[in-house]
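Participant: Here's a sequence, model it:
(one chain, ligands or ions: 1)
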Amino acid sequence: MSKIILYHNGPSTCSQKVRMILELKNISYESKIIDLLNGGQHDPEYVKLNPNHVVPTLITKDGVLTESSLINEYLEDTFPEIPARSTDPLKIHQMRLWAKYVDAYHPQCGAITYGIGMRNILLMKSKEELEVELENIPDPIKRNTRRDLIENGLDAPVVIEGIKQSRVFLDKLEFELSKSEWLFNDSFGIADAAALPYIIRLEQLALGELFNVSTRPNICDWYGKIKIMEIFTKAVTDFIPEQLISVLGKFGEDQKDQVISIMEKN
Ligand SMILES: N[C@@H](CCC(=O)N[C@@H](CS)C(=O)NCC(=O)O)C(=O)O
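Facilitator: Here you go, the predicted structure:
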């Protein structure tokens, strides 16, 4: 098979989701990092591959693939030797429902990432640079939301909704993991890979206490097991930009009490 190329970004949730499945299946790939903080996703050459100006994008002998959840299904179809999906049709359906739900939650997690952390990094740019960055976002709704998040942080209603939906996400995950060790499969698979990046992100935003041994023990156990897997090191730890993550953590820590109180009220 000709070489697989992954266009991705270290801390990006959707990129982590795909890297976890590539590593699980032991698929080697050429890594092309897209610098999201400096507008690499808007580069006209990249946009030819991914017209939505987002990562990840996978290039294979079959063609150009976008949308992380669909990429993982493609990987399962093409490299079934190490399975990441059950063979039971009902479980497959449940896994797909879960992936669809997590895809819908994704912008909510984006809202808290930008509203709590990233806005402070972007506000260090000049007004002109920031304007170019915003104008490059092709979807007008996403562009307006991004502007609101950067300007208003925790005062933006979209962040409040993101915090509320993060609690729903945590409760749903805790419930699913109370029924089985892995999500809709006998071992770590596509549904686990879909949920994992959002747990990582909440932890990076200093919200790890929402899933410790006393708050949500099932998530705590599940995450603990994943963290010691070699594929976690290869797909997640090795791609963490320490400086960016420590800045996110600092802003998260500063606003943690407020975030938790919003979560408890809603
Ligand atoms: N539904 C898409 C979402 C992709 C997405 O939102 N990617 C983010 C990183 S996790 C991105 O590239 N953001 C850049 C931006 O919004 O400017 C997928 O699952 O692939």
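
Participant: Residue 202 reaches residue 211, doesn't it?
Facilitator: Yes - at 7.4 Å, residue 202 counts as touching residue 211 under the criterion of CB atoms under 8 Å. Placement of C-beta: from N, CA and C, glycine included.

Participant: Return every residue with contacts to both of the two.
Facilitator: residue 170 (CB atoms under 8 Å, 6 or more residues apart in numbering).

Participant: Tell me the bridge partners for residue 31.
Facilitator: residue 6 (DSSP bridges).

Participant: Could you verify my assumption that it touches residue 6?
Facilitator: Yes - between residue 31 and residue 6 there is a contact under CB under 8 Å: 5.9 Å.

Participant: Which of these two has more residues huddled nearby?
Facilitator: Taking other CB atoms under 10 Å, residue 31 and residue 6 do not tie; residue 6 has more neighbours (22 against 14).

Participant: Provide a list of residues in contact with the closest residue to the ligand within the stretch 151-266 of the chain.
Facilitator: The stretch 151-266 of the chain approaches the ligand most closely through residue 197 (7.8 Å), counting by CB to the nearest ligand atom. Shown in contact with residue 197 (CB under 8 Å, 6+ apart): 13, 14, 16, 17.

Participant: likewise residue 120?
Facilitator: So residue 120 contacts 247, 251 (CB under 8 Å, 6+ apart).

Participant: Just say helix, strand or coil for it.
Facilitator: Here residue 120 is helix, with the state taken from DSSP: H, G, I helix; E, B strand; the rest coil.

Participant: How confident was the prediction at it?
Facilitator: Residue 120 carries a pLDDT value of 93.

Participant: for the ligand, what are the nearby residues on the stretch 101-250 of the chain?
Facilitator: 103, 106 (CB under 6 Å from any ligand atom).

Participant: Could you check which helix or strand contains the closest residue to residue 147 other than its chain neighbours?
Facilitator: Closest residue to residue 147 apart from its sequence neighbours, by CB to CB, 6 or more residues apart in numbering: residue 134 at 5.6 Å. Counting by DSSP states H and E, the element that carries residue 134 is helix 127-135.

Participant: Check which helices and strands the next helix or strand after that helix sits against.
Facilitator: Reading on from helix 127-135 to the C-terminus, the next helix or strand found by DSSP H and E is helix 140-152. If contacts are counted by 3 or more CB pairs under 8 Å, 6 or more residues apart in numbering; DSSP states H and E, helix 140-152 sits against helix 89-112, helix 119-122, helix 127-135, helix 157-179.

Participant: Any regions of the stretch 151-266 of the chain where pLDDT drops low?
Facilitator: Along the stretch 151-266 of the chain, segments meeting pLDDT under 70 span 266.
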